[in-house]
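Asks: What follows is a predicted structure for the sequence shown.
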Amino acid sequence: MSNIPPHDEFAEEAILSELCMRPDEVFDRVSVILKPEYFFANSRKLIYECVEELQRAGTHVDFTAIATALKDKNQLAAVGGTQYLLTLVNTVPSAILHLEQHALTIRDKWRLRQAVALFQAKAAEAFGGNLGGDQQWLETIEADLSVLVHDLREQTTVTLGTVVSQLLSQLQGPAEEASSKSGLLDLDKMIHGFYDGDLIVIAARPSIGKSTLGQNLALNISHPEEVATLIVSPEMPREQVAMRMLSCDSKIEYGKFRARAFTPADWPTLTAAVDRLGKRPIWINDTASITVLEIRAIARQLARAIEQQRAERKAKRLGLVVVDYLQLVKGIQTKSSNREQEVASVSRDLKAMAKELHVPVIAIAALNREVERRSGKEKRPKMSDLRETGSTEYDADTVILMDRPDYYDRADRPGQCDLIIGKQRNGPTGTVTVQYDKAYMKFNNFIHGEVDTGAGSEWFQDM
C-alpha cells in the first residue's frame with residue numbers, strides 16, 4: 001500500500017502547461033475552481049500562484065513573464081528552472097478540451113488529502129486521550145468534515161430566465177419557512193449615465209434599499225439583443241433576486257411572493273413577467289465568499305461568451321457588473337492586514353477590473369454605524385461615513401449615498417429617497433430625489449413632486 005497522499009500529477013501538469021500557452025482563457029476557466037494550495041507538488045503550487053499574482057496585477061502573462069516573475073521571487077530554481085517550464089510546454093499533451101475536469105480532479109484530490117490529514121490528526125488525539133469529552137470530540141469531527149464537503153468553488157452563474165422559470169413552479173408551492181443610462185432621469189442628468197471603466201459605489205445603512213437599487217439598475221440597463229448585465233450576489237440567493245425582479249416587473253406586491261399569497265388574477269400577470277424577464281440578458285452569480293479574482297474571471301468569461309454568441313442575438317456586449325455587496329467580497333489577507341485593509345484591496349481590485357473589462361462596475365456598500373448614533377437631520381449620510389471601508393471613497397469614480405427620511409420618521413417625505421452624489425470624479429456633486437415603491441421593490445423617477453411612470457426610460461415603457 002502506497003503512503004503517497006492522493007494527487008494527480010498529470011492533471012496538475014496539464015493545467016500548468018495550458019496556462020503557459022493560453023494564460024488568459026485558461027485562467028478564466030479554472031480560477032473559479034482552483035486555489036494554489038490545491039496543487040500537491042510545491043513546485044507546481046508556486047507556478048500557479050505566480051500566474052494568479054500576474055493576473056491580479058493585470059500584467060501580460062506568457063512563458064517569459066512567468067519565468068521572470070519566479071526568478072524575481074527567487075523561486076525559479078525551486079520549481080525546476082526554465083527547463084521544467086519548457087517541459088510543461090513541449091511535452092505535456094494538450095488538455096484545452098478538458099480543463100474544468102482536470103481542475104475538478106485537482107481540487108478533489110486536495111480534499112481527499114485534507115480528509116486524510118484530518119483523520120490522522122483525530123486518530124492521534126484518540127490514541128493520546130486528548131479528547132476533551134467524547135461527544136464534543138465527535139462533534140468537531142463532524143464540523144470539520146462538513147467544511148470539506150461544502151467547500152465547493154463551482155460555477156453558479158445562471159441566466160435570470162433560468163431562475164425565474166424554475167421559480168414559477170416553486171411559487172405555486174407552500175410558503176418558505178421563515179456607458180449605460182440608469183433609467184432614472186434626474187440621476188442621469190446629474191451623472192450622465194455610467195461610463196465604461198468606472199467604479200460606482202452605492203452606499204447606505206441596512207434596509208434603505210441599496211440592493212434593490214442595484215438590481216433595478218441591472219434591469220434598466222439590460223436590453224434584449226443589445227446589453228447584458230451581471231449581478232454578483234454573495235449575500236442574497238439568486239431566487240430572492242429573481243423574486244424582487246418579478247415583483248418589480250409584474251407590479252405584484254413582493255409580500256405575496258414570500259407568503260405565496262397570489263390571487264387567480266395574479267397568475268397571468270406573473271407568467272407574462274417571467275416571459276419578459278426570460279428575454280433579458282441578465283446573469284446572476286450567488287457564490288458565497290467570492291473573491292475579486294473570481295468575479296473578474298466570471299465577467300471575462302461572460303463577456304467572451306457574449307462576443308462568441310452574437311449570432312444568436314442574445315446581447316452584443318456586457319454593459320454592467322453589480323457587486324452586492326462590497327464588504328462580503330473576500331480581499332487579499334496577510335498576517336499583518338486588518339479588515340479595513342482587506343476591504344481596501346477589494347475596492348482597488350474592483351476598479352482595476354472595471355478598467356480592464358471596459359465596463360461600469362457598481363459596488364453596493366454598507367455605511368458604518370456612526371449614522372445611527374446621530375439624531376434628527378444629522379442621520380443624513382455623508383462621505384465620512386464611508387471611511388471605515390478602507391480606500392473605497394478614493395477608488396470610486398462616483399459615490400452615491402442613499403437617504404430615506406421616512407425610514408426614521410414615516411411622516412417625513414414618505415416614499416421619497418434622496419440619492420446624494422457625494423463624489424463624481426468628472427462632474428458635479430449634489431442630490432436627486434427618486435420615488436421608492438417598496439411594495440414592488442422598485443425605484444421610479446420623481447418629477448415635480450409626483451411619481452413618474454417611466455416616460456423617457458425604455459425599461460419603464462416596456463412595463
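Replies: Sure, I can see it. Nothing here was measured: the structure is a model prediction, and the numbers come from that model.

Asks: which residues touch residue 355?
Replies: residue 197 (C-beta atoms under 8 Å, 6 or more residues apart in numbering). Where you see a C-beta, it was placed from the backbone N, CA and C, and this is true even at glycine.

Asks: So it versus residue 195, what's the distance?
Replies: Residue 355 sits 11 Å away from residue 195, taking C-beta to C-beta, to the nearest Å as the criterion.

Asks: do the same with residue 406
Replies: Distance from residue 406 to residue 195, by C-beta to C-beta: 32 Å.

Asks: So which of those two has more stuff around it?
Replies: Neighbours were counted for residue 406 and for residue 195 using other C-beta atoms under 10 Å; residue 195 has more, 18 against 15.

Asks: count of neighbours near the nearest residue to that one once chain neighbours are set aside?
Replies: Spatial nearest neighbour of residue 195, excluding adjacent residues (C-beta to C-beta, 6 or more residues apart in numbering): residue 179 at 4.5 Å. By the measure other C-beta under 10 Å, the count of residues near residue 179 is 13.

Asks: which residues does residue 179 contact?
Replies: Contacts for residue 179 (C-beta under 8 Å, 6+ apart) come out as 193, 194, 195, 196, 360.

Asks: 6 Å instead, please
Replies: By C-beta atoms under 6 Å, 6 or more residues apart in numbering, the contact list for residue 179 reads 193, 195, 196.

Asks: from what I can see the last one touches residue 358, true?
Replies: Yes: taking contacts as C-beta atoms under 6 Å, residue 196 lies within contact range of residue 358: 4.5 Å.

Asks: Who has more neighbours out of those two?
Replies: Legend: neighbour count by other C-beta under 10 Å for residue 196 and residue 358, higher for residue 196 (17 against 13).

Asks: how near is the more buried one to residue 247?
Replies: 30 Å.

Asks: How about residue 127?
Replies: Look at residue 127 and residue 247: by C-beta to C-beta, they are 58 Å apart.

Asks: Who has more neighbours out of those two?
Replies: More crowded of residue 127 and residue 247, by other C-beta under 10 Å: residue 247, with 24 against 8.

Asks: What strand or helix carries that one?
Replies: Using DSSP states H and E, residue 247 sits in helix 238-250.

Asks: Please spell out which residues along that helix are buried.
Replies: Across helix 238-250, burial judged by 16 or more other C-beta atoms under 10 Å covers 238-250.

Asks: pLDDT added to those, as CSV?
Replies: Shown next, in CSV, are those (pLDDT from 0 to 100):
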residue, pLDDT
238, 94
239, 94
240, 94
241, 95
242, 95
243, 95
244, 95
245, 95
246, 95
247, 95
248, 94
249, 94
250, 94
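
Asks: re earlier: would you turn the contacts of residue 179 into CSV with distance to residue 384?
Replies: Formatted as CSV, the contacts of residue 179 follow (distance: C-beta to C-beta, whole Å):
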residue, distance to residue 384
193, 27
195, 26
196, 29
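
Asks: what bits of this structure have low per-residue confidence?
Replies: The chain contains residues with pLDDT under 70 at 1-2, 130-136, 139, 142-143, 146-156, 175-178, 310-313, 332-337, 387-390, 447-463.

Asks: Nearest the geometric middle of it, what residue?
Replies: In the chain, the centroid-proximal residue (C-alpha atoms, centre = their mean) is residue 232; its distance is 3.0 Å.

Asks: any idea how the chain splits into domains?
Replies: In terms of domains, the chain is parsed into 1-151, 157-462 (source: automatic domain parsing).

Asks: Please work out which of those domains is packed deepest.
Replies: domain 157-462 (a mean of 18; mean count of other C-beta atoms under 10 Å).

Asks: centre of the chain versus it, how much separation?
Replies: Centroid separation between domain 157-462 and its chain, computed with C-alpha atoms, centre = their mean, to the nearest Å, is 12 Å.

Asks: Can you tell me the closest non-neighbouring residue to residue 43?
Replies: Excluding its sequence neighbours, the residue lying closest to residue 43 (C-beta to C-beta, 6+ apart) is residue 79, at 4.2 Å.
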